[in-house]
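Trainee: kindly return the folded structure for what I paste below:
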Amino acid sequence: MSYIAIKHAHVLFVVLSIALFYTRSVSRVFNLQFAKNKVLFISSHAIDTFLLVSAVALIISGGYSVSEQPWLIEKIVLVLAYIGAGVYAAKTSSQLNRIVTIGLITAMLAFIGKLAVSKAAFVL
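Mentor: As a prediction, the model looks like this:
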């Protein structure tokens, strides 16, 4: 598969993953039954798996060396932080903590997007 095809698939998975994350998060904030929907839960995890697989495929097919790409290291760290914060937001019983965490996740997603587009590191 060509780099461009993998990149387009990756972007599609990004959009779907973010849409499903906010759907599940808003459902939890407003205590909607939708948050407990098995299809939503399973599809969210499946999309996230495809997203990570496409990310690895992009790194390999693009010939990126993670150790030589500071922006990629930052992106990976932010993605791991996003996953951790998402788990916390899903499991916390405090609505205030959930809402604040969703706000922080929104900022993380903005930084991840900026890194993906600019390929310029913020810190490293």
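
Trainee: just the residues contacting stretch 18-28, thanks.
Mentor: Applying CB atoms under 8 Å, 6 or more residues apart in numbering, the external contacts of stretch 18-28 come out as 32-35, 40-41, 43-44, 47, 86, 89-90, 98, 102, 105, 109. C-beta coordinates here come from the backbone N, C-alpha and C atoms, glycine included.

Trainee: give me that answer again for 7 Å
Mentor: With contacts defined as CB atoms under 7 Å, 6 or more residues apart in numbering, stretch 18-28 is touched by 34-35, 40, 43-44, 47, 86, 89-90, 98, 102, 109.

Trainee: could you do stretch 95-115 as well?
Mentor: Contact with stretch 95-115 is made by 18, 25, 28-29, 71, 74-75, 78-79, 81-82, 85-86, 88-89, 92, 122, as judged by CB under 7 Å, 6+ apart.

Trainee: tell me where the chain has helices.
Mentor: Counting by DSSP state H, the chain has helices at residues 3-29, 38-61, 70-91, 95-118.

Trainee: now the angle from the third one to helix 38-61?
Mentor: Translated: helix 70-91. If you take axes from the mean of the first three to the mean of the last three CA atoms, to 10 degrees, helix 70-91 sits at 170 degrees to helix 38-61.

Trainee: what do you get for the longest one?
Mentor: Taking the same axes, to 10 degrees, one finds helix 3-29 and helix 38-61 inclined to each other by 150 degrees.

Trainee: relative orientation of helix 3-29 and helix 95-118 in degrees?
Mentor: Angle between the axes of helix 3-29 and helix 95-118 is 170 degrees (criterion: the same axes, to 10 degrees).

Trainee: chain center to helix 3-29: distance?
Mentor: Computed by CA atoms, centre = their mean, to the nearest Å, the chain-centroid distance of helix 3-29 equals 7 Å.

Trainee: just stretch 57-72 next, same as before
Mentor: Using CA atoms, centre = their mean, the offset of stretch 57-72 from its chain centre is 18 Å.

Trainee: coming back round to it: turn the helices of the chain into JSON lines, columns for mean pLDDT.
Mentor: What follows is these, written out as JSON lines (pLDDT from 0 to 100):
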{"stretch": "helix 3-29", "mean pLDDT": "95"}
{"stretch": "helix 38-61", "mean pLDDT": "93"}
{"stretch": "helix 70-91", "mean pLDDT": "92"}
{"stretch": "helix 95-118", "mean pLDDT": "95"}
